Every structure is written in C-alpha cells, then in structure tokens.
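Undergrad: Next come a sequence and a model predicted from it.
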Amino acid sequence: MSERSVSRLVPKNRKPPSQSWKTFLENHAHQLVSIDFFTVPTAMCRVLFVLVVLAHRRRSVAHFNVTEHPTTAWVAQQMREAFPHDCAPRYLIRDRDRVYGEQFRNRVAEMGMIEVLTAPQSPWQNAFAERLIGSIRRECLDHVIVLGEKHLRKILRSYFEYYQESRTHLSLGKDAPYTRAVQAPEFAAVVEVAQVGGLLHRYERRAA
C-alpha cells in the first residue's frame with residue numbers, strides 16, 4: 001500500500017488531548033507531589049541514594065531520606081513518613097524505576113493517591129523534582145565531601161532549612177517556600193547570616 005493511500009485512510013480532525021501536561025501541572029499544583037532519587041558518592045567510595053518528596057504548591061520539600069540499599073519496602077515506608085496523618089495529596093508524579101514495586105504501589109493506593117507516571121526517558125515531565133535535585137547539587141553537594149549516611153543527612157537537613165526558609169523562587173513571587181516577611185528599608189541595616197556551614201547566606205534587616 002502506498003504512502004498516499006495510507007494518508008487517505010488516517011482519520012483527520014482528531015481531537016487534541018483534553019489537557020496538555022503543562023496544563024495538568026498548573027491545574028493540580030495544590031494537589032501534586034513529585035518523588036525522585038539521586039545518588040551521592042562518599043569519601044569511602046560508597047554510593048548513597050537520596051529520596052526527595054517535593055510538594056508543588058509552594059515548592060517545599062515534604063520529606064527526604066538516605067539509604068545505601070533502596071528497596072520497595074523502604075520507599076513505601078518513606079511515603080507513610082512523608083504523609084503520616086491522612087494528609088496525602090491527590091496526585092503523585094514519579095518515573096518508572098523498578099524500585100517503585102507492588103508494595104509501594106499498594107501503599108500509595110491505600111493512602112488515596114493517584115500515581116501519574118512520566119513517559120520513559122522523559123525527566124522533563126518531572127521537572128520540579130529534577131530542578132530541586134539540580135539546585136541541591138549546584139548549591140551544596142558539589143562543594144562538600146560526604147563521609148557517610150549520617151553526615152549526608154546532616155548536610156541535607158541544613159540545606160533544606162536554607163531552601164525552605166531563605167531561598168527565594170521567581171515562581172513564588174521571589175518568596176521562599178515558607179513565606180518570608182517583607183522588611184521595609186527603614187527597618188535596619190542589611191546583615192549577612194551564614195547558613196549551611198557558611199556555604200550559603202541569608203540577607204535580612206536587623207536592628208543594631
């Protein structure tokens with residue numbers, strides 16, 4: 001059959017999808033969380049896995065944890081720890097990693113969440129989580145040497161405190177995930193407050 005014949009048989013005027021991926025994210029931002037893993041090498045040549053759970057509404061980190069051996073049972077438990085009191089959001093965006101096995105899927109279903117899987121090899125569909133991981137690497141982990149699990153948890157706690165309370169986002173109107181108060185110019189002089197062990201800084205007005 002020729003290409004011309006095939007083109008005549010293909011239905012025309014096909015309806016577009018009900019909503020684009022971008023529209024879905026915008027419409028359900030207050031009900032969405034994303035999860036993703038990234039790896040961190042240590043000074044002892046071990047590889048640690050970090051799971052992050054990001055709430056879309058305010059770009060806030062709902063939960064994180066570190067392990068050397070991620071399993072389906074471990075990831076399922078992290079979801080319960082992230083949302084312990086029937087406060088789970090409606091939708092969960094994740095990739096198709098095999099670590100999200102049956103036990104994980106059952107736990108998510110029990111919590112009333114609907115899984116939204118990204119297309120294969122399409123990290124851009126989980127862009128908020130990918131952007132968070134990029135920020136963690138560029139602003140923190142690329143500048144430190146991690147000794148082990150305990151040390152990495154301490155570093156990440158410190159970074160997330162900075163990320164949640166001090167780091168501004170253009171998408172939030174130059175606010176932080178945990179809203180920062182606007183300080184008037186006449187309030188006091190600007191001072192520098194070291195955070196994450198002096199790696200990053202917060203600037204605010206304080207009276208002398």
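TA: Cool, the structure landed. Here the structure is a predicted model, which is why all the values come from computation and not from measurement.

Undergrad: And the strands in this protein?
TA: Ranges of strands in the chain, per DSSP state E, are 32-41, 47-55, 60-67, 91-94, 114-117, 189-195, 200-206.

Undergrad: Parallel or antiparallel, list what pairs with the first one.
TA: In its sheet, strand 32-41 lies beside strand 47-55 (antiparallel), strand 91-94 (parallel), with partners assigned from DSSP bridges.

Undergrad: quick revisit: what would the strands of the chain look like in CSV with mean neighbour count, mean pLDDT and distance to L172?
TA: Using the backbone N, CA and C atoms, a C-beta is placed for each residue, glycine as well. Below are these laid out as CSV (neighbours: other C-beta atoms under 10 Å; pLDDT from 0 to 100; distance: least, C-beta to C-beta, whole Å):
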stretch, mean neighbour count, mean pLDDT, distance to L172
strand 32-41, 19, 97, 15
strand 47-55, 20, 98, 12
strand 60-67, 18, 97, 10
strand 91-94, 21, 96, 19
strand 114-117, 14, 96, 23
strand 189-195, 12, 90, 19
strand 200-206, 14, 89, 16
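
Undergrad: okay, those in a markdown table with distance to Q77 next?
TA: Below are these laid out as a markdown table (distance: least, C-beta to C-beta, whole Å):
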| stretch | distance to Q77 |
| --- | --- |
| strand 32-41 | 13 |
| strand 47-55 | 10 |
| strand 60-67 | 9 |
| strand 91-94 | 15 |
| strand 114-117 | 17 |
| strand 189-195 | 30 |
| strand 200-206 | 31 |
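
Undergrad: Which of those strands sits closest to K154?
TA: Evaluated over the strands of the chain, closeness to K154 peaks at strand 60-67, with 10.2 Å, by C-beta to C-beta.

Undergrad: other SSEs contacting that closest one?
TA: strand 47-55, helix 72-82, helix 149-165 (3 or more C-beta pairs under 8 Å, 6 or more residues apart in numbering; DSSP states H and E).

Undergrad: what's in contact with it?
TA: Outside strand 60-67, the residues that touch it by C-beta atoms under 8 Å, 6 or more residues apart in numbering are 33, 40, 48-55, 74, 78, 81-83, 132, 149, 152-153, 156, 160, 163-164, 177-178.

Undergrad: quick one: the nearest residue to V99 once chain neighbours are set aside from H56, how far?
TA: Among residues not flanking V99 along the chain, P70 sits closest, at 5.3 Å (C-beta to C-beta, 6 or more residues apart in numbering). Here the criterion is C-beta to C-beta, to the nearest Å. By it, P70 lies 23 Å from H56.
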